[in-house]
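Peer 1: Okay, predicted coordinates and the sequence, questions at the end:
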Amino acid sequence: MKTAIITGASRGIGRAIARSLAELGCDLFLTGRNEEELYKTRELILSQPGAKTDNKIVIYPRDLTELESIDNLFVAFEKSFNNLDILVNNAGIAYSRVFGEYNIDDWNRVMNINARAPFFLMQKAVPFLEKADPGFIINICSVVSQKGYAEQSLYTASKHALYGITKAVAKDLQNKNIRVHAILPGGVDTDMVKAVRPDIDTSEMITPEEIAETITFLLKMNGNAVIDEISIRRKTKLPWA
Ligand code: NAD
């Protein structure tokens with residue numbers, strides 16, 4: 001049985017990833033800030049058609065901007081699981097604000113969850129993942145990992161950082177048989193994007209399930225080919241723009 005840690009699994013993209021990995025038969029260690037919503041993710045998985053009722057699902061509600069939550073996460077993980085195959089760094093926040101209005105607290109909050117937490121979670125996960133065959137790290141970056149959108153300077157900084165970390169760590173961990181992937185979505189229909197980009201018509205947005213499908217695709221690749229990153233745009237956006 002494969003085991004996955006998914007951060008930000010209490011809603012949005014993380015919840016969809018949790019549901020699709022459960023369908024693949026994975027046992028899950030789910031983190032996020034909202035305990036009630038994490039339990040809802042668990043309930044949704046266990047009640048979904050074709051549910052594998054033997055999926056073991058452990059909930060770990062914590063704020064991952066606190067470094068001790070990251071240390072304690074792996075202590076809690078080891079109490080329930082012997083092996084780790086997949087780490088999905090999905091938890092994140094976004095602000096949309098004119099450049100002059102950001103302050104140092106905003107900087108710390110955004111960078112700590114979007115870049116620092118994935119960095120140290122990857123580091124702590126390596127001793128487990130190097131025993132998997134192969135180990136997977138999936139980092140949910142963004143189209144703004146490669147672009148810059150107005151009023152998203154701080155979010156853009158954090159997602160450029162995560163993308164850069166992903167590329168470097170992929171090289172560091174190749175000899176440990178750990179694959180490190182970047183997913184770069186455009187607008188996905190979640191609470192986050194509704195708050196940050198109320199201008200986008202939700203009917204045009206990518207669904208969280210479509211993002212989850214790309215991860216399933218990566219996890220199923222067991223031949224000689226590896227895809228390092230996947231960029232996903234809304235179909236109404238200009239290709240390659
Ligand atoms: P969301 O706001 O619906 O969910 C975010 C999740 O992250 C929640 O489970 C929340 O509990 C968790 N989280 C946030 N701060 C946390 C903290 N300090 N500690 C622990 N958990 C925390 O957002 P979403 O749209 O599902 O976004 C998921 C990821 O996808 C984020 O990294 C986001 O940047 C990225 N992304 C989203 C979009 C989009 O359009 N929605 C596009 C590109 C990338």
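Peer 2: Alright, I've got the coordinates. Residues are numbered from 1 along each chain as shown.

Peer 1: check contacts around Ala18.
Peer 2: Ala18 makes contacts with Ile6, Ala9, Leu28, Leu30, Thr41, Ile45, as judged by C-beta atoms under 8 Å, 6 or more residues apart in numbering. No exception for glycine: its C-beta is placed from N, CA and C like everyone else's.

Peer 1: So which of those residues sit within helices?
Peer 2: Those of the contacts of Ala18 mapping onto helices are Thr41, Ile45, per DSSP state H.

Peer 1: nearest to Glu151, of the contacts of Ala18?
Peer 2: Ala9 (28.1 Å; C-beta to C-beta).

Peer 1: That closest one contacts Lys40, correct?
Peer 2: No: counting by C-beta atoms under 8 Å, Ala9 stays clear of Lys40, with 10.2 Å between them.

Peer 1: For those two, indicate the residue with more neighbours.
Peer 2: Ala9 (33 against 14; other C-beta atoms under 10 Å).

Peer 1: and the more buried one, what are its phi and psi?
Peer 2: Main-chain dihedrals, Ala9, degrees, to the nearest 10: phi -90, psi 10.

Peer 1: do you know how far it is from Phe81?
Peer 2: 15 Å (C-beta to C-beta, to the nearest Å).

Peer 1: which residues do Ala9 and Lys40 both contact?
Peer 2: Joint contacts of Ala9 and Lys40 (C-beta under 8 Å, 6+ apart) do not exist.

Peer 1: hang on, the earlier thing: is it possible to get JSON lines of the contacts of Ala18 that adds distance to Lys171?
Peer 2: Formatted as JSON lines, the contacts of Ala18 follow (distance: C-beta to C-beta, whole Å):
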{"residue": "Ile6", "distance to Lys171": "24"}
{"residue": "Ala9", "distance to Lys171": "28"}
{"residue": "Leu28", "distance to Lys171": "28"}
{"residue": "Leu30", "distance to Lys171": "29"}
{"residue": "Thr41", "distance to Lys171": "33"}
{"residue": "Ile45", "distance to Lys171": "34"}
